[in-house]
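J.: Next one to model:
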Amino acid sequence: NVLAPTLSEIKRAESEAKVPGSWRWPKVFRYIETAMKASAVIALQEVAASWVKMPGGLADVFDGKGYAWRWVNSRVGVDFTGLVLAWPTAVYEWEVVHRLDLASRIPEGGGLAQELVRNLATNLLLVDLFHKSTSQLLT
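T.: Residues are numbered from 1 along each chain as shown. Predicted coordinates:
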């Protein structure tokens, strides 16, 4: 859970006050660097669109560093509901990226619970990954 800046109410440290994107970005960046060193598959939610596009952001972190990745914004017009999947291309081949909008599968009507789900960012981002050495499929 990344917690985009819009979702986090913790006061930022003075030392991180001028970091592009937010005070949380350095922590997220360190997590991603550690995961990449371990050739891990990386899944992030609550990713701000600004973190993808900013200089030194996610696009710069993954591009050209042996990682393929996909980002989708879960909800149109909302900056902080993005999903990211990234995987090392030396370890995995990939075929299909799936995006599933769960809200579209909830029928109209029903109670408060159904209405809540329809109005939330309820998307899934899935990728079919094939491990190069074992041919095992991971979704």
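
J.: how about the strands in the protein?
T.: 42-47, 67-73, 82-88, 92-101, 123-131, 137-138 (DSSP state E).

J.: which one of these has the lowest average pLDDT?
T.: Of all the strands of the chain, the minimum mean pLDDT falls on strand 92-101 (a mean of 78).

J.: Could you list every helix and strand in contact with it?
T.: strand 67-73, strand 123-131 (3 or more C-beta pairs under 8 Å, 6 or more residues apart in numbering; DSSP states H and E). C-beta coordinates here come from the backbone N, C-alpha and C atoms, glycine included.

J.: how about CSV for those strands, with mean neighbour count added?
T.: Output for those, formatted as CSV (neighbours: other C-beta atoms under 10 Å):
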stretch, mean neighbour count
strand 67-73, 18
strand 123-131, 16
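
J.: would you list these in TSV and tack on distance to residue 137?
T.: Converted to TSV, the helices and strands packed on strand 92-101 look like this (distance: least, C-beta to C-beta, whole Å):
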stretch	distance to residue 137
strand 67-73	16
strand 123-131	6
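
J.: Go through those and name the closest to residue 96.
T.: For residue 96, the closest of the helices and strands packed on strand 92-101 is strand 123-131, at 4.9 Å, according to C-beta to C-beta.

J.: now the closest one, how far from the chain's geometric center?
T.: Relative to its parent chain, strand 123-131 has a centroid offset of 12 Å by C-alpha atoms, centre = their mean, to the nearest Å.

J.: Over to stretch 89-104?
T.: 12 Å.

J.: which non-adjacent residue is nearest the residue nearest in space to the middle of the chain?
T.: Nearest to the mean C-alpha position of the chain, counting by C-alpha atoms, centre = their mean, stands residue 84 at 2.4 Å. Nearest residue to residue 84 in three dimensions, chain neighbours excluded: residue 44, at 4.2 Å (C-beta to C-beta, 6 or more residues apart in numbering).

J.: Alright, that wraps it up for me.
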